[in-house]
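Student: Need coordinates for the following:
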Amino acid sequence: MKFASIIAAAVATVSMAAPALADKLDDIIASGKLRCAVVLDFPPMGSRDANNQPIGFDVDYCNDLAAALGVQAEIVETTFPERIPALVSGQVDIGVASTSDTLERAKTVGFSIPYYAFENAVVANDKVEMADWEGMKGKTVGATAGTYEAIWLEGQVKEWGEGQFRPYQNQADVFLALSQGQLDATVSTVEVAEANVKSGNFPGIRIVDKAPMVPDYVALIALRSEHGLIDYLNLFINQQVRTGRYAELYAKWVGEGEPADLTIKGVYR
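Tutor: Numbers count the residues shown, from 1 in each chain. Model prediction:
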């Protein structure tokens, strides 16, 4: 009896000494706000409307997630290179920023299951003769630094042993350089390529071909240690698909056709 009393007292002492451990999910709900890093020069995933308000697939996705959590969404504009630093430094709670789920990035941040998947297109300046993706060989090409497209393009230039690769800070700079003839070609997602060609904001560019790249699966990102939050993000993505909301957002922002299948045989089911 005396031994039991000692154990009970010890447990009580430890309980008082060790504060309850709240996680990021609890913190977000308690704060009443979800801060999402979103890239806003990447239409139709993220851009600004005529009133300078954030719009796009990723913007709506953040808003949907905030609504599910019962909090207000705050869109924090970031460039592609700033996505992970903004998360790690605490400027944002999560990234809804079309972030490719690479093994290298997973050393720094935590990834959800994929919430979208891209295929990529080769976009060229009208004055450059190019019939297919292999026409980029020996040309000056560029993409946003650190992106899946940039890594692939730089690797191709090295493999070809000719041509030049130029990195840029954001998508707008890439397409402006392409339009002005500073670049011969770039690789971007099909959605972005079609949106930028159609917009008329970058005259003198055209889509040439599909790039022979594996689908670019992108995920929501959170701090690597926040397992509870990542679990919630995974369930949220699952709900977005099975309720039909994923298809609704695709129809709204991308257009006709079917959204990409987020399953991979033998992996995601």
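
Student: Only C-alpha atoms from now on, for both contacts and neighbour counts.
Tutor: Will do.

Student: after the longest strand along the chain, next one along is what?
Tutor: Scanning the chain for the strand with the most residues, using DSSP state E, yields strand 109-118. From strand 109-118 onward toward the C-terminus, using DSSP states H and E, the following helix or strand is strand 120-125.

Student: can you list contacts of that following strand?
Tutor: With C-alpha atoms under 8 Å, 6 or more residues apart in numbering as the test, strand 120-125 has contacts from 130, 133, 178-179, 181, 183-190, 193, 204-213, 215.

Student: List the strands paired with the longest strand of the chain, with their directions.
Tutor: When pairing is defined by DSSP bridges, strand 109-118 lines up against strand 216-223 (antiparallel).

Student: In the stretch 51-200 of the chain, mark out all the strands, start to finish.
Tutor: Ranges of strands within the stretch 51-200 of the chain are 54-55, 72-77, 94-100, 109-118, 120-125, 140-144, 164-168, 185-189, based on DSSP state E, counting those that start in this stretch.

Student: Export those to JSON lines and append columns for mean neighbour count.
Tutor: As requested, these are exported to JSON lines (neighbours: other C-alpha atoms under 10 Å):
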{"stretch": "strand 54-55", "mean neighbour count": "18"}
{"stretch": "strand 72-77", "mean neighbour count": "20"}
{"stretch": "strand 94-100", "mean neighbour count": "27"}
{"stretch": "strand 109-118", "mean neighbour count": "22"}
{"stretch": "strand 120-125", "mean neighbour count": "26"}
{"stretch": "strand 140-144", "mean neighbour count": "25"}
{"stretch": "strand 164-168", "mean neighbour count": "18"}
{"stretch": "strand 185-189", "mean neighbour count": "28"}
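
Student: This completes my enquiry, with thanks.
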